[in-house]
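K.L.:
got a predicted model here, sequence first, then my questions.
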Amino acid sequence: DSLPVLNIFLITLLIVPFCIAYSQMPTTFIVQGTVMRTAFGFIDTATMNFLDALSVLIFGHLTGSYLYPALARHNIKIPTTYKFAIGSALGALAILWSLFVEHKIHHSYNTNNNDDSLNGGRISVLWQGPAYALIGWGEIFAVSAAYEVAFRASSPQTKALASAINIFCIGGIPNVLCLGLYHLCHGFFLNSRDGTAHITKLDDYVTAHVGNYFVVLLGILAFGIGINLHPTVRDYVDGVETRAAEAIRTPVQSRKKGRQQRAADELSPLLSSSPATSTTSEKKSKHAKDFGQQPLLYKMASMRAGPPSLAKYQQN
């Protein structure tokens with residue numbers, strides 16, 4: 001089962017680009033939201049994360065109850081890699097929206113910085129809403145499809161391991177890559193006033209270059225879309241799923257003999273002197289010729305019995 005497990009690992013690696021975008025919700029999205037205005041007096045950047053869960057519920061219902069059934073009625077099945085590509089595309093749209101919000105933050109600051117009635121140029125944190133919603137919708141295609149293929153393409157003995165590998169590719173590898181990415185792009189988060197990463201205030205934030213980091217993320221997601229749309233990758237994943245489906249449909253032939261076969265094989269040697277290769281019908285014919293229409297008895301385990309007519313041969 002090592003080869004199927006390796007296949008699961010290679011397949012779930014395809015959603016790593018999307019999961020890198022997903023990992024921005026508790027990190028870069030929070031950094032961006034700290035310089036935005038609280039909405040309705042209680043909705044801040046940390047609270048905005050609930051939109052991701054809400055988006056998963058709403059779009060999960062719409063996709064599973066309406067989109068997939070509508071495609072099925074037209075005999076359309078979305079390949080697994082295309083689902084990954086759709087998820088990555090929705091993640092890319094979320095990053096694009098964050099770039100738009102970044103532009104709006106800078107524009108509002110430069111235009112309304114000295115106007116106290118406009119909160120010193122701070123925009124509402126609700127502007128981040130579409131980014132969270134798009135990430136949640138992307139989870140329906142990317143993450144859900146990864147769980148599905150990990151379970152479906154693995155053997156019963158390796159389903160737990162396959163699920164663990166899938167979780168590792170969803171949460172483990174992307175987080176490690178994000179740590180390396182933050183280190184490489186550390187300069188984007190430094191303000192121009194004192195060269196530190198203290199950008200929680202709007203005056204410092206607008207001097208940093210957080211938008212450049214979003215551009216890097218956009219390039220990673222574009223790579224994820226491209227590799228999942230590649231015909232070779234699509235055919236590889238389809239082949240793994242097809243072989244797994246055939247293995248489920250094809251029953252494993254048992255090596256144990258059936259009850260009737262065992263009974264036929266254990267005919268008493270007293271009932272026939274024909275070679276071992278003779279058929280059951282030949283043995284029955286031989287018995288009827290020698291002993292008449294007596295019952296044909298079989299041995300079971302160590303119990304043996306012969307026909308009553310053998311007594312005349314014993315007397316002779």
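P.N.:
Received, thanks.
K.L.:
quick check, Pro26 in a helix?
P.N.:
No - with DSSP: H, G, I helix; E, B strand; the rest coil as the criterion, Pro26 is located in coil rather than a helix.
K.L.:
tell me, how many residues neighbour the nearest residue to it once chain neighbours are set aside?
P.N.:
Spatial nearest neighbour of Pro26, chain neighbours left out: Asn49 (7.2 Å); criterion: CB to CB, 6 or more residues apart in numbering. All C-beta spots, glycine's among them, are computed from the backbone N, C-alpha and C. Summarising burial for Asn49: neighbours were counted as other CB atoms under 10 Å, giving 16.
K.L.:
state the distance from Asn49 to Met25.
P.N.:
In this structure, Asn49 and Met25 are 6 Å apart, going by CB to CB, to the nearest Å.
K.L.:
now do stretch 137-150: everything it contacts.
P.N.:
With contacts defined as CB atoms under 8 Å, 6 or more residues apart in numbering, stretch 137-150 is touched by 8, 11-12, 15, 18-19, 21-22, 52, 55-56, 59-60, 63-64, 80, 83-84, 86-91, 94, 162-163, 165-166, 169-170, 237, 240-241.
K.L.:
related to what we said a few turns ago, anything in contact with each of Asn49 and Met25?
P.N.:
Contact criterion CB under 8 Å, 6+ apart; residues bridging Asn49 and Met25 by contacting each: Tyr132.
K.L.:
quick one: low-confidence parts of the chain?
P.N.:
Counting by pLDDT under 70, the chain contains low-confidence residues at 1-3, 113-120, 248-316.
K.L.:
show me what counts as buried in the longest helix along it.
P.N.:
Longest among the helix segments of the chain by residue count, using DSSP state H, is helix 80-112. Across helix 80-112, burial judged by 16 or more other CB atoms under 10 Å covers 80-99, 101-102, 105-106, 108-109, 112.
K.L.:
which SSE is immediately downstream of it?
P.N.:
Towards the C-terminus, the helix or strand next in line after helix 80-112, according to DSSP states H and E, is helix 129-141.
K.L.:
so how far is that next one from its chain's centroid?
P.N.:
17 Å (CA atoms, centre = their mean, to the nearest Å).
K.L.:
quick one, that helix and helix 80-112 angle?
P.N.:
If you take axes from the mean of the first three to the mean of the last three CA atoms, to 10 degrees, helix 129-141 sits at 170 degrees to helix 80-112.
K.L.:
with just CA atoms, put the following helix or strand past helix 129-141 into PDB.
P.N.:
Going down the chain from helix 129-141, the next helix or strand is helix 143-152, by DSSP H and E. Coordinates of the C-alpha atoms in helix 143-152 are reproduced here as PDB (Å, rounded to 0.1, in the frame of the first residue of the first chain):
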ATOM      1  CA  VAL A 143     -10.100  21.400   0.700                       C
ATOM      2  CA  SER A 144     -13.300  19.300   0.500                       C
ATOM      3  CA  ALA A 145     -12.100  17.700  -2.800                       C
ATOM      4  CA  ALA A 146      -8.800  16.900  -1.100                       C
ATOM      5  CA  TYR A 147     -10.500  15.100   1.800                       C
ATOM      6  CA  GLU A 148     -12.700  13.200  -0.700                       C
ATOM      7  CA  VAL A 149      -9.900  12.000  -2.900                       C
ATOM      8  CA  ALA A 150      -7.800  11.000   0.100                       C
ATOM      9  CA  PHE A 151     -10.600   8.800   1.400                       C
ATOM     10  CA  ARG A 152     -11.800   7.400  -1.900                       C
END
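K.L.:
so after helix 143-152, what's the next helix or strand?
P.N.:
Under the assignment DSSP H and E, the closest C-terminal helix or strand after helix 143-152 is helix 159-167.
K.L.:
before we move on, back to that, when you filter the contacts of stretch 137-150 down to buried only, what's left?
P.N.:
Among the contacts of stretch 137-150, the ones that count as buried by 16+ other CB under 10 Å are 8, 11-12, 15, 18-19, 21-22, 52, 55-56, 59, 80, 83-84, 86-91, 94, 162, 165-166, 169-170, 237, 240-241.
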